[in-house]
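Participant: Model the following, please.
(one chain, ligands or ions: 1)
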Amino acid sequence: MTRVALIAHDEPKPDLVEFARSHEEQLSDYELVATGTTGKRLVAETDLEVERTESGPYGGDMMIGAAVADGRLDGIIFLRDPLRAQPHEPDISALLRICDVHNIPLATNLSSAEFLIEGLENAE
Ligand SMILES: O=C(CO)COP(=O)(O)O
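Facilitator: Sure thing, here's the model as predicted:
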């Protein structure tokens, strides 16, 4: 089963919810995991089933990173806020790095998220 992580910082959270809604049928075929607050919003605002980690600043990014290292994720959509510093920047960098180490597709904006989701569909 394809496993996808969905993460967004506060500012782009509405964009991620909107993205999830517009791809709801495809995403409902996948096992989804999200960081705490992102997952809460997705569960409240879509019909998707989403497993939740801790919130990002409380270790959620590291939990997603551990899943990457364990080979448990096929792709990550992570809408970062490029205009605001985050208190847990080291955790975010670690997540991006571990995706590169394990060659896991990672989309950090909506345009690349569209490519990623299309790629996952074609890979099935
Ligand atoms: O901070 C995050 C990613 O770095 C996201 O965490 P939340 O989904 O808990 O807001």
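Participant: Quick check: the residue of this structure nearest the ligand.
Facilitator: Nearest residue of the chain to the ligand, counting by C-beta to the nearest ligand atom: residue 56, 2.1 Å away. Quick note: C-beta positions are derived from backbone N, CA and C, even for glycine.
Participant: contacting residues for the closest residue in space to that residue that isn't next to it in sequence?
Facilitator: Spatial nearest neighbour of residue 56, excluding adjacent residues (C-beta to C-beta, 6 or more residues apart in numbering): residue 35 at 4.6 Å. Going by C-beta atoms under 8 Å, 6 or more residues apart in numbering, residue 35 touches 7, 52, 53, 54, 55, 56, 60, 61, 63, 64.
Participant: Closest one of those residues to residue 87?
Facilitator: residue 56 (9.5 Å; C-beta to C-beta).
Participant: can I assume that closest one is in contact with residue 94?
Facilitator: No - when contacts are counted by C-beta atoms under 8 Å, residue 56 is not listed as touching residue 94 (11.9 Å).
Participant: Mind checking which of those two has more residues around it?
Facilitator: Taking neighbours as other C-beta atoms under 10 Å, residue 56 and residue 94 compare with residue 56 leading, 27 against 14.
Participant: how far away is the more buried one from residue 119?
Facilitator: Counting by C-beta to C-beta, to the nearest Å, the separation of residue 56 from residue 119 is 25 Å.
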